[in-house]
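Participant: Let me see the structure of the following:
(chains A and B)
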Amino acid sequence: MNLPIALLTIKWMIRDTFRQSLSSRLFYVLLGISALFILFCLSVSVRGEDPLPVGPGDIAVRLPADQIDPETAKKEGVDVAVPRLSIGFGLFETDAGRDRTDAVRFLHIALSSGVADTTGIFLLLIWTAGFLPTFLDPNQITVLLAKPVPRWSLLIGKFLGVLAFVGMQGTVFVVGTWLALGLKTGVYDPLYLLTIPLLIVHFGIFYSFSTMLAVWTRSTVVCVFGSLLFWLVCWGMNFGRHAIEVHALPGMTPVGRTMLEVSYWTLPKPGDMNLILFDALKATGYSGGVKEFDTLKNEKKFHPELSVLASLMFAAAMLGIAARELHTTDY
Amino acid sequence: MSAAAVFENVSKLYPTGMLGRTGVQAVQGINLTIPRGEVMALLGPNRAGKTTLVKMLLSLCKPTEGKITRLDKPVYDHSTLARVGYMHENQNFPRYLTATELLNFYGGLTLVPLEILRPRAEALLKQVGLSDRVNEPISQFSKGMVQRLGLAQALINEPDLLILDEPTEGLDLLGRQMLHQVIAKQKARGGTVLLVSHVLSEVEEICDRVAVIVGGKIVKVSPLAELLKDKSGKVISLEQVLQPLYEGKRS
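Facilitator: Numbering: from 1, shown residues only, chains lettered A, B, ... in the order given. Predicted coordinates:
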């Protein structure tokens, strides 16, 4: 294996993937979606959290609204912080929680977990599913395969190209919304930025399966439906395993239990990825998690490092199978 | 005689069916030498095995039996592909690339250094008559223009072995003349050309040697000049030579 040639090939393939995304207009569609969410963040404001009187020794004496009835407090002569979160340039208002940091944290979690990590990955798997089958079309790839470069590097280059594209779009989304919210509220919570690497890892794990399907079938339809179905199956398996771990399903035989464990540790774990993101954002208390997952975590039976490692090993295995298949295929 | 490529007792069976227990014998017992510095035509009827031979020579598929040598090295040594140019019969380049981007991309993958690649790409686009369309996406190109671009792509590494599979498909008169010039230039600099074509007039005009493959077997290999003479020494056309061979009668 000639590593410099492989690296050069990967570089060319990443560049080519960006051009492919530009031509499919996906590049601009995703930027447009990010722009909409940035605009949404610019429409946010938190009011009613004016500086309150400071007591002796500069100790803040304000009390959070959710810990005291404001009317009672007022009667007692206590100032109460009642911040309001305004969205859509004042079209919609709600309680902002404890303070503006709370309000921003809540929005960060919604954008990260709900938009980027779940809906985003679902849509990205659909929209990028056609990249590899198009590239692997015999009339297109034949000339490339007749070049003095390893076949695996063409495939891995394309895979990394899609990953770099998703990473770039994810960065625009996360950094854009982070800056917009910071600009409007003065709160710049760096934890939110952890969404970017976690999103790339999560997407990469499932895109490796799509890559394997693309090499085997060269069909966009199979890649779209196959990877989405696989994602749902993995979610089901992930949740099912944790639910059985917590609730101890009656009638579960040792063989069944072993099979479940093997499946859990073999397949990707999208639920665990979501939980890891929740933990990274310190989201407990801001958003209701899945009960079974929380129980498992409290009982110290959840191992995020092992879970991610096992999922990454699955991705590596999928890419290995795909590269091997491409290497041995007659064109 | 030094050879650009040598096929020694080469066979290829494409497995078919779910378990691959049955198969289609594409070529069988091929022995063929492509001499350096010559223009050799590979002729044969449809489904004779021409494309399979080309694909094996390009390491696109592996022979089931036999040995293939490309530029003095075994065909599984991909390093020699850096000295091979290939023009595919059904070019389907990424439509989002421009002509310049395509040549830079494919040239980069052929390991041509960047400082050489850019001026060479410019010169080649001029040579194939696309210098006024260098920044247009390929999606706006006609079939003939794509063929011209395909030829430029095959020449980007100044190959020692140039393989042209149906290169005149979609080319106009000027395009064909340009192709003939390219082949003559390749020969003049000591390069080898393997031409797969059904256009016999073209073969008669530019080739030194002809190999005829029928039903997966080589039935004739001969210098063109010898081939175009009958037993009495009278000059005959290539069509007259090929007709009985294609119909299965060995001369």
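Participant: Low-confidence ranges, the stretch 1-150 of chain A, go.
Facilitator: Scanning the stretch 1-150 of chain A with the threshold set as pLDDT under 70 gives A:1, A:48-70, A:73-74, A:77-82, A:96-98.
Participant: hey, where'd the strands end up in it?
Facilitator: Secondary structure of the stretch 1-150 of chain A by DSSP state E, counting those that start in this stretch: the strands cover A:45-47, A:63-64, A:80-81, A:84-87, A:92-95.
Participant: Tell me which of those is the most buried.
Facilitator: strand A:80-81 (a mean of 20; mean count of other CB atoms under 10 Å in any protein chain shown). For glycine as for every other residue, the C-beta is placed from the backbone atoms N, C-alpha and C.
Participant: thinking again about what came up before, tell me which of the strands of the stretch 1-150 of chain A sits nearest to chain B.
Facilitator: Of all the strands of the stretch 1-150 of chain A, it is strand A:84-87 that lies closest to chain B, at 38.6 Å by CB to the nearest CB.
Participant: Residue B:63: which of the strands of the stretch 1-150 of chain A is closest?
Facilitator: strand A:84-87 (66.9 Å; CB to CB).
Participant: Listing partners with orientation, what would you give for the closest one?
Facilitator: strand A:45-47 (antiparallel), strand A:92-95 (antiparallel) (DSSP bridges).
Participant: Contact partners for residue A:16?
Facilitator: Contact analysis of residue A:16 by CB atoms under 8 Å, 6 or more residues apart in numbering or on different chains lists A:157-158, A:161, B:94, B:97, B:105.
Participant: Report all helices and strands that the top helix by length along chain B contacts.
Facilitator: Secondary structure assigned by DSSP state H gives helix B:173-188 as the longest helix of chain B. Packing contacts for helix B:173-188, counted by 3 or more CB pairs under 8 Å, 6 or more residues apart in numbering or on different chains; DSSP states H and E, involve strand B:39-43, helix B:143-155, strand B:161-165, strand B:192-196, helix B:200-206.
Participant: With residue A:9 as the reference, name the closest of the ones you listed.
Facilitator: helix B:143-155 (16.5 Å).
Participant: and that closest one, what other elements does it pack with?
Facilitator: Using 3+ CB pairs under 8 Å, 6+ apart: helix B:143-155 touches strand B:84-87, helix B:99-109, helix B:114-127, strand B:161-165, helix B:173-188.
Participant: which residues touch the third one?
Facilitator: Counting by CB under 8 Å, 6+ apart, the neighbours of helix B:114-127 from elsewhere in the structure are B:99-100, B:103-104, B:107-108, B:112, B:131, B:134, B:152, B:155-156, B:158, B:178, B:182.
Participant: Whichever of those end up buried, select them in PyMOL.
Facilitator: This is the PyMOL syntax for the buried subset of the contacts of helix B:114-127, where burial follows 16 or more other CB atoms under 10 Å in any protein chain shown:
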select buried, chain B and resi 99+100+103+104+107+108+112+152+155+156+158+178+182
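Participant: Residue B:135: how many residues sit nearby?
Facilitator: 9 (other CB atoms under 10 Å in any protein chain shown).
Participant: ugh, wrong one, I meant residue B:10
Facilitator: When neighbours are counted by other CB under 10 Å, residue B:10 comes out with 24.
Participant: Surely residue B:4 is in a strand?
Facilitator: Yes: remark: residue B:4 belongs to a strand, assigned using DSSP: H, G, I helix; E, B strand; the rest coil.
Participant: Please report the distance of residue A:300 from chain B.
Facilitator: 49 Å (CB to the nearest CB, to the nearest Å).
Participant: What backbone torsions are found at that residue?
Facilitator: phi 60, psi 30 (degrees, to the nearest 10).
Participant: which residues does the residue in chain B that chain A sits nearest to contact?
Facilitator: In chain B, the residue that lies nearest chain A is residue B:96 (3.0 Å; CB to the nearest CB). When contacts are counted by CB under 8 Å, 6+ apart, residue B:96 touches A:19-20, A:22-24, B:137-139.
Participant: Then residue B:154?
Facilitator: Contacts of residue B:154 by CB under 8 Å, 6+ apart are B:85-87, B:162-164.
Participant: ok, 10 Å please
Facilitator: A:143, A:146, B:84-88, B:106, B:110, B:124, B:162-165, B:167, B:182, B:186 (CB atoms under 10 Å, 6 or more residues apart in numbering or on different chains).
Participant: in chain A, which residue is closest to the centre?
Facilitator: Nearest to the mean C-alpha position of chain A, by CA atoms, centre = their mean, lies residue A:117 at 2.7 Å.
Participant: any idea how far chain B is from it?
Facilitator: 30 Å.
Participant: wait, isn't that residue in contact with residue A:203?
Facilitator: Yes: with contact defined as CB atoms under 10 Å, residue A:117 reaches residue A:203; the gap is 9.2 Å.
Participant: Residue A:22 reaches residue A:15, doesn't it?
Facilitator: No: using CB under 10 Å, residue A:22 is not in contact with residue A:15; the gap is 11.0 Å.
Participant: Please compare those two by neighbour count and tell me which comes out ahead.
Facilitator: residue A:15 (17 against 13).
Participant: Let me see the backbone angles for the nearest residue to residue B:223 once chain neighbours are set aside.
Facilitator: Distances taken as CB to CB, 6 or more residues apart in numbering or on different chains place residue B:209 nearest to residue B:223, at 5.3 Å, with adjacent residues excluded. Per-residue torsions, residue B:209: phi -140, psi 150 (degrees, to the nearest 10).
Participant: what's the burial count for residue B:209?
Facilitator: Applying other CB under 10 Å, I find that residue B:209 has 19 neighbouring residues.
Participant: distance of it from residue A:138?
Facilitator: Distance, residue B:209 to residue A:138, using CB to CB, to the nearest Å: 29 Å.
Participant: Residue B:153 too?
Facilitator: In terms of CB to CB, residue B:153 sits 17 Å off from residue A:138.
Participant: can you map out the helices along chain A?
Facilitator: Under DSSP H, chain A gives helices at A:3-23, A:26-42, A:70-75, A:100-109, A:121-127, A:131-135, A:138-145, A:151-185, A:195-217, A:220-247, A:254-266, A:270-280, A:291-298, A:304-328.
Participant: check contacts around the closest residue in space to residue B:184 that isn't next to it in sequence.
Facilitator: In space, and not counting its chain neighbours, residue B:184 is closest to residue B:206: 7.3 Å by CB to CB, 6+ apart. Residues counted as contacts of residue B:206 (CB under 10 Å, 6+ apart) are B:39, B:41, B:179-180, B:183-184, B:187, B:193, B:195, B:197, B:224.
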